[in-house]
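Student: here's a sequence, model it:
(chains A and B)
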Amino acid sequence: MRTAEPARINAAFRGRLGNFWLDVELSIPASGVTAIFGPSGCGKTSVARCIAGLQRMADGFCAVGEDIWQDSSSFRPAHRRPIGYVFQEASLFPHLSVRRNLLFGAPKAARAQIAFSEVVELLGLAALLDRSPSRLSGGERQRVAIGRALLSQPKLLLMDEPLSALDRATKDEILPFLERLHETLSLPVLYISHDMAEIERFADHLVLMEQGRVVSSGPLHDPHPIPLAGSRDRLGDCSRRRKSVGSPTRMTSMPIDFHDIDPNRVAAILYRPQDDVDGLLADFAQDLARSGERIGGVVQRNVEDGAGCQIGMQAVDLMTGAEISICQPLGSGAMACKLDAAGLAEAAVAVTRAIAADVDLVVINKFSKQEAAGGGLRDELAGAIAAGIPVLTAVPEKCLDAWNDFTGGIGTSLLCERGAIEGWWQDLSSRIKRARAARQPADAPASLLADHHVG
Amino acid sequence: MEIWSAEIRQSVLLTVELAAISTAILLVLATPLAWWLARAKGWWTEIIASVVALPLVLPPTVLGFYLLVLLGPDGPGGWIASLWGGRTLAFTFEGLVIGSVVYSMPFVVQPIRNAFAAMGERPLEVAATLRASPLRTFWTVAVPLARSGFLTGAVLGFAHTVGEFGLVLMIGGNIPGHTKVLSVALFDYVETSRWREASMLAGLMVIFAFAVILTMTLVDKRAARAAA
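Tutor: Alright, predicted model coming up:
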C-alpha cells in the first residue's frame, strides 16, 4: 500500500528494530477507531511510533489521506505531523499545571475544531485545571494526556496502550470517556492494545499483528454483539481440561465480523497448534446437530487415552451422527493418525449428502495438511462453497497459505474462540430462517468461489 | 572595624566578581555541551566527556602551567590580548576568568548532563507530538525539567571558582584588585603571620562552604520530591 488514497491511512514499514524484523503493510480507513491488537512485543507500538514520526524506518511509507508523511525520498519530522499521541504512561510535563499541559500543543490561533471547554467537559477535567500533575491520580493523568493530545487539533489520534499501566478500577473509570470521545468526535483513532475487552468496547476496525507482521485486518462491526464474557468462561473450562495433556492452551480471543465474509459463505478460523480450535469446532458442531439444527459435514477429532496420549482418530457424520472410521495409530506420534482411504470416501459421501439436503451449514472442522496438499476433503469443501451453503472450517497456522490459495483470498482467517463462532451462527441462522420465512430462495451462490473451483 | 579592611573587602568583591562572571560563561558553554553529551551516542562522546572531566583529576598546578603557556605573550592568549593593546592574558583578571571556566567546567557540565539524561526521551517526544519545534522543546521542556541540574551546576561552578587556589597562583599571581582573590589572600595573610585576618577569611569560607552544601542538599531534596 505504498500509495496515498483519500480517506485511508496507508502505511508500510520494513526493517530491523532491535532484535526483531518489522514488516508491516497497513491500509485502514481514516475514520473511526482502528485497533491494532497483538501480543506484547509484536511490534504494534513500533508501528504507531513510525506513523507518528518518532521512529524512522529507512524503508517506510506513510500517507494519511492524500498527505504523504513518509516515502522513499521524504520524511516529515514528528513535530510537523498533525497527530495526537497518547503514551502508555501519561507523560505529563511535571513543571506545568494541568491547564498549561492541556494548552501546550494548542495552536495560538483562536480557530480550533476541538475547543478547550469541550475537551474539559468531555474528559471531566474542570476540577483539575489548576493542579500540578504530581497531585493527580493515574486515571486523572491519563485523561489529561488524552485531552492534551486532542487540543493539539490532530488529524489522527494515536493511542499506545493508554490504559495498560492502570489498574482495573481506573480503566473502568477511563473507558467511558474513550467511548464518549468516539461518539463525539469524528477523529480517526489508532488504538493499540493487547486487551480485547478494551477493543471490543469501541473499535470499528481491527488489525491483528504477530511477530512484526500484520496477520489480518478487517472491520469489527457487528450488529449483534457477541456475549464474550460468558464464552470466555466456557473456554476457560476447556483450557483447564487440556492442561492435563501438558499443552497449555492459550487462545487469543477475537470476535470476528463473519458478516464481512458471509456473501462468500465461508468462515475459516486460523488457529495455532496449542489453540485446539478444531476440537472446539467439533464440539460446537455436534452440539448444534444434537439440538436439531440443520447442519451437515464431518468433524474429526483425536482420541486420547486417560493419560492424554493420542491413540487414534474419530470422524463423525454430523447429519446422521454416525462414526465414520477409527483408524489405529501406526506409531506412537499424533501424526500417524488420519482418515484412511475407506474413511475418507465415507466422509466425502457424508458431505455430499449434506449438500444435497441443502443444510444450513456445512462444518468440516479441519482444513489441514491433507487438504492443503490437494487431497482429503478439499473437493467436498469446494462443492459446499459452490452450492452456496455457508461453510465453517478451521485452518492451522501452517496451512494458511494453502487456504488462501484455495479460497482465492476470501474468507476470514483469524484466531478465534467459541463465543465468536456461536455469535456468528446465531446471526447467520436467524437470517437463514428469516429468508426462508419470506419464501425467498437462498442467496445466490458465491460466484467468485464457484468460478474458482468448479470451473 | 579595622579587620574588615579595604584590603579584605577588595578581595571578597574580586572573588565574587570572578565567580559570577565565570559561572555565567560556564552556563552558556556547558548547556549545549551537556545537551550534546547527554544525547549523542557515538564512541567519541565519552572521549569529549573525558576531556571535559580532566580538571577533576589533574593537579591544578598542571592545568595552571598549560594555561599559563597558552595565555602568555607567546600563546594564543597573547594574540587575543593584543586586540585591545595588551601583551598577555596571564596575570590578568580576564586570564583568571578563562582559567576558572576551564577548571570548573566539569562541575557544571556533569550535573546538567545528568539532568538532561535523566529526563529521557519521553518528554521530548511528547513535545514533538504536540507540534513543538526542537528549539521550543529545548526551552520550554528540557531546560525547565533540568532546572535542578542547572542550579546544582551553577552553585558548584561558583563555589569551585571561589575556592580555587593553585590555578590562580599559577596564572593570576597575587595582584591586589586584579587577581588577588580570597584563597590567595588567605595564603598571603598566613605567610605574613596576620592570623586575625587569616582566621577571619577562613571562617568566612567555612560559612560559605556550609551554605553551599546546605543549598545543594535542599535543592536535591526538592527535586526528588518534585519527581515523586
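
Student: in chain B, which residue sits closest to chain A?
Tutor: residue B:130 (2.8 Å; CB to the nearest CB). (Each C-beta comes from the backbone N, C-alpha and C, glycine too.)

Student: how far away is that residue from residue A:45?
Tutor: Distance from residue B:130 to residue A:45, counting by CB to CB, to the nearest Å: 19 Å.

Student: neighbour-wise, which of those two wins?
Tutor: Between residue B:130 and residue A:45, counted using other CB atoms under 10 Å in any protein chain shown, the more crowded position is residue B:130 (26 against 21).

Student: report pLDDT for the nearest residue to the more buried one once chain neighbours are set aside.
Tutor: Nearest residue to residue B:130, sequence neighbours excluded (CB to CB, 6 or more residues apart in numbering or on different chains): residue A:105, at 2.8 Å. As predicted, residue A:105 sits at a pLDDT of 91.

Student: burial count for residue A:105?
Tutor: 23.

Student: just confirm residue B:5 contacts residue B:197, I think it does.
Tutor: Yes: between residue B:5 and residue B:197 there is a contact at 7.5 Å, judged by CB atoms under 8 Å.

Student: looking at the two now, which is surrounded by more residues?
Tutor: Using other CB under 10 Å as the criterion, residue B:5 and residue B:197 rank with residue B:197 on top: 21 against 12.

Student: which parts of chain A sit against chain B?
Tutor: A:52-54, A:77-80, A:82-85, A:87, A:89, A:91, A:93-95, A:104-105, A:107, A:134, A:148-149, A:152 (CB under 8 Å from any CB of the partner chain).

Student: which among those residues count as buried?
Tutor: Buried subset of those (neighbour count, 16 or more other CB atoms under 10 Å in any protein chain shown): A:52-54, A:78-79, A:83-85, A:87, A:89, A:91, A:93, A:95, A:104-105, A:148-149, A:152.

Student: re earlier: and the gap between the residue nearest to residue B:130 and residue B:124?
Tutor: According to CB to CB, residue A:105 and residue B:124 sit 14 Å apart.

Student: what's near enough to touch the closest residue to residue A:132 other than its chain neighbours?
Tutor: Once flanking residues are discounted, residue A:132 sits nearest to residue A:97: 6.1 Å by CB to CB, 6+ apart. Residue A:97 is in contact with A:129, A:130, A:131, A:132, counting by CB atoms under 8 Å, 6 or more residues apart in numbering or on different chains.

Student: any idea how far residue A:97 is from residue B:143?
Tutor: 18 Å.

Student: now swap in residue A:277 and tell me
Tutor: 56 Å.

Student: hmm, back to that, just the ones of the residues of chain A next to chain B in helices?
Tutor: Using DSSP state H, A:52, A:148, A:149 are the members of these that sit in helices.

Student: count the neighbours of residue A:357 for me.
Tutor: Neighbours of residue A:357 using other CB under 10 Å come to 11.

Student: which strand or helix spans the residue nearest to it when sequence neighbours are not counted?
Tutor: Leaving aside its sequence neighbours, residue A:357 sits nearest to residue A:296 (CB to CB, 6+ apart; 6.5 Å). For residue A:296, the element it lies in under DSSP states H and E is strand A:295-304.

Student: that strand: partners in the sheet, and parallel or antiparallel?
Tutor: Strand A:295-304 has these partner strands in its sheet, going by DSSP bridges: strand A:310-317 (antiparallel), strand A:361-364 (parallel).

Student: the helices in chain B, which residues?
Tutor: With DSSP H as the criterion, chain B has helices spanning B:6-39, B:44-53, B:60-71, B:76-82, B:93-119, B:122-129, B:134-137, B:143-145, B:147-163, B:166-171, B:182-191, B:195-227.

Student: residue A:400 - that's part of a helix, no?
Tutor: Yes: counting by DSSP: H, G, I helix; E, B strand; the rest coil, residue A:400 falls inside a helix.

Student: how close does it sit to residue A:268?
Tutor: Taking CB to CB, one finds residue A:400 at 9 Å from residue A:268.

Student: which of the two has more residues huddled nearby?
Tutor: Per other CB under 10 Å, whichever of residue A:400 and residue A:268 has more neighbours is residue A:268, with 26 against 17.

Student: that one against residue A:393, yeah?
Tutor: Yes: counting by CB under 8 Å, residue A:393 is a contact partner of residue A:268 at 5.2 Å.
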